[in-house]
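Student: Coordinates for the following, if possible.
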Amino acid sequence: MMTGLSLERGHALAIHNLSLEFPTFSGAIKALDNVSIDVGKAEIVGIVGESGCGKSVTTMAATGLLPKGRYDITSGSVSLFGRNTLAMDDGELQDVRGKVVSTIFQEPMNALNPTIRIGKQLTDVIMRHEETSLPDARRIARDILADMLIGEPERVMNLYPFELSGGMRQRVLIAMAFSCKPGLIIADEPTTALDVTVQAVILRLIQNRARRTGTSVVFISHNVAVVSQLCDRLYVMYAGRIVEHGATRTVLEAPQHPYTQALLRCLPERVAPKQELEAIPGAVPSLLHPPAGCYFQPRCKEAVDLCRSRSPRLAGAEGQQVACWRRGVASETSGQEGRQ
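Tutor: Okay, here's the model as predicted:
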């Protein structure tokens, strides 16, 4: 078991100026560019953005889930409850995962082993990280399944994943994530494949359990509406960069970055009946050959010459920060060229 890791020290997760590249035959894909994300103890923090913006890569790099030798960290640091995860070996990372940090993946059929019964998958995780007997592990598994509002948990433990609905499988993953009382949960788009009614149930389960146990949560989503129901603070991510950050209510009620504003305009509930849904023109740029200046400028209606030549850094009050030349940050970042 891992020793020397205190759950009472510092932030749950502190990612500072993390830059990461994936080397390819055509060149380096700059997947993350100076990304900084802090998650306090017992805090729920959201990361939102389109697919391909680096949300999952950020948390996978922080927890050592990216394949070894397939990426290069060019700068930055990651601290998990005061300990540098980038310096951990495979054994240390295996002790961390499940006990200190757990991940809820977006597709439970891929995350659960289809050939092993639910009960064994849960008890294997519990016994890996807790000094407990098999009967006690089964009791813990049964109790947490019941806490996830799963009826007849003893019967469910004897079933295979394919015998459960998508919503039930996702609840099993949530139960597995919370089973060893981790200090941090990473929920990577856990409601993407579920209908709206089931989504609401899953969000409440995660939020209620986290609040009750004092667990920190990083919630990753491309859906701003989903994040708004759950998170205390919000990071908006675009093309491997943080472009806006602040309290969730502040960011959603008074968005400053054109990308954040565009994401909100795309929400169906903001469109009148029979009106056409708005879409953001273009696509996330290739990070093999990213555009000069602000990465969003090729899709931005407000872009000026400065946006096309220089990259703005995050600036503003602590309650809300934005990386945009058109939002009065130029004076605070003058002379700061290059990466965000």
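
Student: and the closest residue in space to Val227 that isn't next to it in sequence, how many neighbours?
Tutor: Leaving aside its sequence neighbours, Val227 sits nearest to Gly46 (CB to CB, 6 or more residues apart in numbering; 3.9 Å). To be clear about C-beta, it is placed using only N, CA and C from the backbone, and glycine gets the same treatment. Around Gly46 sit 25 other residues, with neighbours defined as other CB atoms under 10 Å.

Student: residue contacts, Gly46?
Tutor: Taking CB atoms under 8 Å, 6 or more residues apart in numbering, we find Gly46 in contact with Val218, Phe219, Ile220, Ser221, Val227, Leu230, Cys231, Arg233, Leu234, Tyr235, Thr248.

Student: Hmm, Ile15 and the first one touching each other?
Tutor: No - assessed by CB atoms under 8 Å, Val218 is found out of contact with Ile15, at 9.9 Å.

Student: what helix or strand is Asn17 on?
Tutor: Using DSSP states H and E, Asn17 sits in strand 13-24.

Student: what about the most centrally placed residue in the chain, which SS state?
Tutor: Closest to where the C-alpha atoms of the chain average out (CA atoms, centre = their mean) is Ile220, at 3.3 Å. Following DSSP: H, G, I helix; E, B strand; the rest coil, Ile220 is assigned to strand.

Student: Show me the domain layout of the protein.
Tutor: Following automatic domain parsing, one gets these domains for the chain: 13-100+183-202+210-283, 107-181.

Student: Now render the ones you listed as a markdown table, adding mean pLDDT and distance to Ser309.
Tutor: Listed next are the domains of the chain as a markdown table, based on pLDDT from 0 to 100; distance: least, CB to CB, whole Å:
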| stretch | mean pLDDT | distance to Ser309 |
| --- | --- | --- |
| domain 13-100+183-202+210-283 | 92 | 16 |
| domain 107-181 | 92 | 41 |
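
Student: Dump the ones you listed to TSV, plus distance to Arg310.
Tutor: As requested, those are exported to TSV (distance: least, CB to CB, whole Å):
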stretch	distance to Arg310
domain 13-100+183-202+210-283	14
domain 107-181	40
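
Student: closest to Asp305 out of the ones you listed?
Tutor: domain 13-100+183-202+210-283 (15.9 Å; CB to CB).

Student: first to last residue in the closest one, what's the distance?
Tutor: This stretch, domain 13-100+183-202+210-283, spans 30 Å end to end (CA to CA, to the nearest Å).

Student: measure Gly240 to Cys300 for me?
Tutor: According to CB to CB, to the nearest Å, Gly240 stands 17 Å off from Cys300.

Student: Give me the neighbour count for Lys68.
Tutor: Taking other CB under 10 Å as the criterion, the count of residues near Lys68 is 7.

Student: cool, Ala200 as well?
Tutor: Neighbour count of Ala200, defined by other CB under 10 Å: 14.

Student: quick one: buried residues of whichever strand or helix holds it?
Tutor: If you go by DSSP H and E, Ala200 is part of helix 196-213. Neighbour-count burial for helix 196-213 flags Val198, Gln199, Val201, Ile202, Leu203, Leu205, Ile206, Gln207, Arg209, Ala210 (criterion: 16 or more other CB atoms under 10 Å).

Student: re earlier: ok, which of the domains of the chain comes nearest Arg308?
Tutor: Taking CB to CB, domain 13-100+183-202+210-283 is the member of these nearest to Arg308, at 13.9 Å.
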